[in-house]
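Asks: Sequence unavailable; structure follows:
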């Protein structure tokens, strides 16, 4: 591997990429089976990544404590993923391979991910399907009983496994059931309705967390030999997103404040197929699976004047199937960022449809004519029903209206090849880390990464870390000054939030922050807008701490208090987000800088100057964070400007 | 739209609780039921009162967190719909709406409309899984699953664990929930080795949690947002009774 | 955590199975009982000979009676213990209840069951022990005549009773309750015992409706026919 001078080391094995993970696994130390139960491991978040990790670590014999804010680990937002999960099984014999999935993922991520991580992900993808099928996940089947696949999100091969439109749900239930099995076996202790509010760092190592019981309000320290965060992404910084209402950045942000680097916060995936906003009351956006683009055709009227007409009144000749027109090879299946940006462009031109002109049509008329209504119903029935429930329009009769919405955040806490952050003992998995998707995530890859990290990566790498810590098996004393301080900090913060007694509700701040982020740090960003955001965020944050009103007390179930803590952290993250976006003066994947585009208006990378991971170190609220760079080397995939023409 | 709301308020599990009346104007028919409550809560906070606590998360009908009994119907008047996906256009201007929590001994109220459904997790803990350790799985295509069976398993697996079946059942029975998992795992070949012990142990735990029995009213099926059918209960009954006859050891339940 | 061991009869599903199996036995009894009694339309000889025939069964009759008693007791035991558990499962009731799928029959099973229980007691007292038969329990016809063996003139007892309006009233109410009870019970036992198949499910409800109707019409035809004077005492 090339000689590096940068500060951050990915700790990936060198040598041929195809054998890197196998060699690494052999080189890693193993914890003796009898010793595993002597190690306490904390897992925060019980979605695909956290749930899978907690279950697997329990099976291995570690002493696991798992935490989630939901009332049950079965409800983590992984459950909402609809479309599917990629795996390089090549069951369809259509030319797929581990190398191709690796290649597609690196390319799809616009060359901003770590090659070795991605290769490992592609390798592991095949094991995930085996594991999930063995757990009883009811994947879609052929009549002969074998697994079936579909092509998804711009892939040229059919490698996506799915369980109707509820793949995330079924995979999560698989992990949840495995977790419940371990809870029953006594290896995992589960803490639902419990929120992590602080990370405990002792001697530079992550050694525990401080939690608040969301029912009783009890603040408590939990100590362990290692802490794993599988706490998801931070899309809710935009207020309106496809994330669940409870999704938050608090666990990651608390870790960041304690020294963990936050990488690439500006990489945000905007999903092209969401149901458009209908009014001010809107509390969240609903995603329609991207698989809809397999059969639906995206169009807007050619003429502005037609936008008010009913779609049936617009003749074929007056429709602009703009994705098919601009990208003949991929058509409606171009990657998410391209589909999203093009939707924004046509709406900016005034050709958008529906309330506020913020929508484009996704039309199934041709597919229904070609395949029949029944076939469409079989593929998308539940999505069509959901659409009708929300909009009161029947998509079998009238084209759907869709608009992009924030969906996934590729950025997250920085981790090395072992998924360990720069803070020893702090592992970060799933969407919470930054690692595998680069600047843009391919469709059906989030489930793959979450499960890969949880089932197949962290159980190995954690053992290696614990082995290296074996001489330091003494638990941290409950009255260690760091523990006491962390608990006191949490209590002080709670008291502060409750005592401001201002005039504005948490939601009003959150909504304002979200609108600002969407306008200035959304689908397209420019220097002026980002600078404006950087001026306004601290002001909003200051107002938050002066004018917030949180009714009730801290010693009870208090949903306003929960939200207040989360929005407080979003207000800090937002600033870092905008800083990162401003510093990255290139367009890459989910980060589109208007200053950096090709003459045709496509995203233009600047590999010369920005082929690195930007990992930010916290220096205090409002203080300038320190930028650490992890240089990205591409030995296998040739850097090209992405073209889906 | 103008609405009169009678909302159940209860400070904690030991509080007796009661209804509180609110009126709300300018409700958008395009807003969801929960968004309507958001608006009410914003008003309450403005007035310096405590907002109504209710459970919700994904707001797209899949996480199973939300749920309230609306005018005597679990998840409200629209079939196959969770509370978060219920839209106000299903109500009329001037309507009076009664909002209550799920009521069951096994779902104690934590606050207002928030209940503790930990009993569902314990039913799953008793056997709602296939015992396979990570890494020990054969190739996924080695075990063939007929499409019809996979589809039926998926029908049952669609359960979101919201608890509406319990809320709607005149007996507060959890049989639809329990049977959906038993059917899902019992329909796929991978689930066969534990099929009967799973039925035994899950039913034993279900009973120990204090849920009622099934008297075949069909209310659960009617309110289920995911269309889980009574067929699953019949199947569970078969598997359970057979399981009890062939058992070498009778099941134990956490008391 | 404390654990306890469970047997089939401890569980809700076990109790439901007991309910269904005993109910099935009782369904059979109700049908056969009605079929036999309909002989009243064929006149005193037919009915009294049928009663004699039953008597002649001797020990077999007692086995059948024993089975019925066990079924009734089991049915009641399961009902009481399930009702208790079901009531305990919802300590705080809803303010508003809007049923979506359940039927009146399903909701009134416990009350219908009670009415039927009282009716069984009365029915036994009435036609087995002769209480409330007008003019007293008729003695058996002389030896050699139909009905001689049964110890009583069944035809007389029946016909004389159903000329009394309040007795007919009691039977009508009881049969209506029985009909409702059967309407839910006759498909419900299949569901409980695991017979559920989407293709045949509509048949379950149709069977239950048909069964309940046949029993209602059959059983009510007798007192009503007698009251209307279609069947008379031999003069």
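Replies: Okay, I see it. Just so it is clear, the structure is predicted and the values come from calculations on it, not from any experiment.
Asks: Output the contacting helices and strands for the top helix by length along chain C.
Replies: Assignment by DSSP state H gives helix C:59-88 as the longest helix of chain C. For helix C:59-88, the elements it packs on are helix C:12-37, helix C:109-123, judged by 3 or more Cβ pairs under 8 Å, 6 or more residues apart in numbering or on different chains; DSSP states H and E. (Glycine included, C-beta is placed from N, CA and C.)
Asks: Could you check how many residues crowd around whichever residue of the stretch 1-150 of chain B sits closest to chain C?
Replies: Per Cβ to the nearest Cβ, residue B:72 is where the stretch 1-150 of chain B lies closest to chain C, at 3.3 Å. Applying other Cβ atoms under 10 Å in any protein chain shown, we find 17 other residues in the vicinity of residue B:72.
Asks: Also residue B:192?
Replies: When neighbours are counted by other Cβ under 10 Å, residue B:192 comes out with 12.
Asks: show me where chain B has strands.
Replies: Taking DSSP state E to define them, one finds strands in chain B at B:3-9, B:18-24, B:69-70, B:73-74, B:96-100, B:109-111, B:114-115, B:252-254.
Asks: So what's the residue count around the residue nearest to residue A:128 when sequence neighbours are not counted?
Replies: Spatially, and ignoring its direct neighbours in sequence, residue A:128 is nearest to residue A:451 (4.8 Å; Cβ to Cβ, 6 or more residues apart in numbering or on different chains). Counted with other Cβ under 10 Å, the neighbours of residue A:451 add up to 34.
Asks: Give me the residue ranges of the stretch 201-350 of chain A where confidence is low.
Replies: Residues of the stretch 201-350 of chain A meeting the criterion pLDDT under 70: none.
Asks: Now do the strands for it: every range, in order, please.
Replies: A:205-213, A:219-223, A:226-229, A:262-263, A:268-274, A:297-301, A:319-320 (DSSP state E, counting those that start in this stretch).
Asks: residues contacting the nearest residue to residue C:13 once chain neighbours are set aside?
Replies: Closest residue to residue C:13 apart from its sequence neighbours, by Cβ to Cβ, 6+ apart: residue B:240 at 4.9 Å. Contact analysis of residue B:240 by Cβ atoms under 8 Å, 6 or more residues apart in numbering or on different chains lists B:182, B:199-200, B:203, C:11, C:13.
Asks: Pull the most distant pair out of these.
Replies: B:182 and C:11 (13.7 Å; Cβ to Cβ).
Asks: More neighbours: the two, which one.
Replies: More crowded of residue B:182 and residue C:11, by other Cβ under 10 Å: residue B:182, with 32 against 24.
Asks: Wait, that one touches residue B:200, no?
Replies: No. Applying Cβ atoms under 8 Å, one finds residue B:182 not in contact with residue B:200, separated by 9.9 Å.
Asks: ok, the residue of the stretch 1-150 of chain B closest to chain C touching residue C:97?
Replies: Yes. Using Cβ under 8 Å, residue B:72 is in contact with residue C:97, at 4.6 Å.
Asks: isn't residue C:134 right next to residue C:161, touching?
Replies: Yes. Look at residue C:134 against residue C:161 with Cβ under 8 Å: they come within range, at 6.6 Å.
Asks: For these two, indicate the residue with more neighbours.
Replies: Neighbours per residue (other Cβ under 10 Å) separate residue C:134 from residue C:161, with residue C:161 holding more: 21 against 13.
Asks: Can you tell me the closest non-neighbouring residue to the spatially most central residue of chain C?
Replies: Nearest to the mean C-alpha position of chain C, by Cα atoms, centre = their mean, lies residue C:30 at 5.0 Å. Leaving aside its sequence neighbours, residue C:30 sits nearest to residue C:215 (Cβ to Cβ, 6+ apart; 5.7 Å).
Asks: residues contacting the one you found?
Replies: Residue C:215 sits next to C:30-31, C:34, C:175, C:178-179, C:182 when contact means Cβ under 8 Å, 6+ apart.
Asks: at 7 Å what do you get?
Replies: C:30-31, C:34, C:178-179, C:182 (Cβ atoms under 7 Å, 6 or more residues apart in numbering or on different chains).
Asks: What of residue B:33?
Replies: Counted by Cβ under 7 Å, 6+ apart, residue B:33 has contacts B:76, B:83, B:86, B:88.
Asks: Most neighbours of all these, which one?
Replies: Neighbour max across the contacts of residue B:33 (other Cβ under 10 Å) = residue B:83, 29 neighbours.
Asks: Low-confidence stretches in chain C?
Replies: For chain C, the stretches with pLDDT under 70 are C:1-5, C:144-150.
Asks: let's see it at 50
Replies: Applying pLDDT under 50 to chain C flags residues C:1.
Asks: separation between residue A:37 and residue A:185?
Replies: Distance of residue A:37 to residue A:185, given as Cβ to Cβ, to the nearest Å: 12 Å.
Asks: where's the closest residue to residue A:416 other than its chain neighbours, which helix or strand?
Replies: Using Cβ to Cβ, 6+ apart and skipping residues adjacent in sequence, the residue nearest residue A:416 is residue A:11, 4.2 Å away. Taking DSSP states H and E as the definition, one finds residue A:11 inside no helix or strand.
Asks: ranking the helices and strands packed on helix C:59-88 by burial, who's on top?
Replies: Between these, helix C:12-37 has the highest mean count of neighbours, a mean of 20, where neighbours are mean count of other Cβ atoms under 10 Å in any protein chain shown.
Asks: what packs against that one?
Replies: Using 3 or more Cβ pairs under 7 Å, 6 or more residues apart in numbering or on different chains; DSSP states H and E, the elements in contact with helix C:12-37 are helix B:231-246, helix C:59-88, helix C:165-192, helix C:201-227.
Asks: Please repeat the previous calculation with a cut-off of 8 Å.
Replies: helix B:195-208, helix B:231-246, helix C:44-56, helix C:59-88, helix C:165-192, helix C:201-227.
Asks: Please enumerate the helices of the stretch 51-200 of chain A.
Replies: A:98-108, A:115-134, A:167-185 (DSSP state H, counting those that start in this stretch).
Asks: Turn those helices into a markdown table, columns for mean neighbour count.
Replies: Below are the helices of the stretch 51-200 of chain A laid out as a markdown table (neighbours: other Cβ atoms under 10 Å in any protein chain shown):
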| stretch | mean neighbour count |
| --- | --- |
| helix A:98-108 | 23 |
| helix A:115-134 | 25 |
| helix A:167-185 | 27 |
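Asks: would a markdown table of those helices with distance to residue A:443 be doable?
Replies: What follows is these, written out as a markdown table (distance: least, Cβ to Cβ, whole Å):
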| stretch | distance to residue A:443 |
| --- | --- |
| helix A:98-108 | 9 |
| helix A:115-134 | 14 |
| helix A:167-185 | 11 |
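Asks: Dump those into a markdown table; add mean pLDDT as well.
Replies: Output for those, formatted as a markdown table (pLDDT from 0 to 100):
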| stretch | mean pLDDT |
| --- | --- |
| helix A:98-108 | 95 |
| helix A:115-134 | 98 |
| helix A:167-185 | 98 |
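Asks: Nearest to residue A:601, out of those?
Replies: Nearest of those (Cβ to Cβ): helix A:98-108, 19.7 Å.
Asks: orientation of the closest one relative to helix A:115-134 in degrees?
Replies: Going by axes from the mean of the first three to the mean of the last three Cα atoms, to 10 degrees, helix A:98-108 is angled at 120 degrees with respect to helix A:115-134.
Asks: Now do the contacts for residue 50.
Replies: I'll assume chain A. So residue A:50 contacts A:43-44, A:66, A:68, A:76, A:228-231, A:429-430, A:454 (Cβ under 8 Å, 6+ apart).
Asks: meant chain B, my bad for not saying
Replies: Here residue B:50 is in contact with A:551-552, B:44 (criterion: Cβ under 8 Å, 6+ apart).
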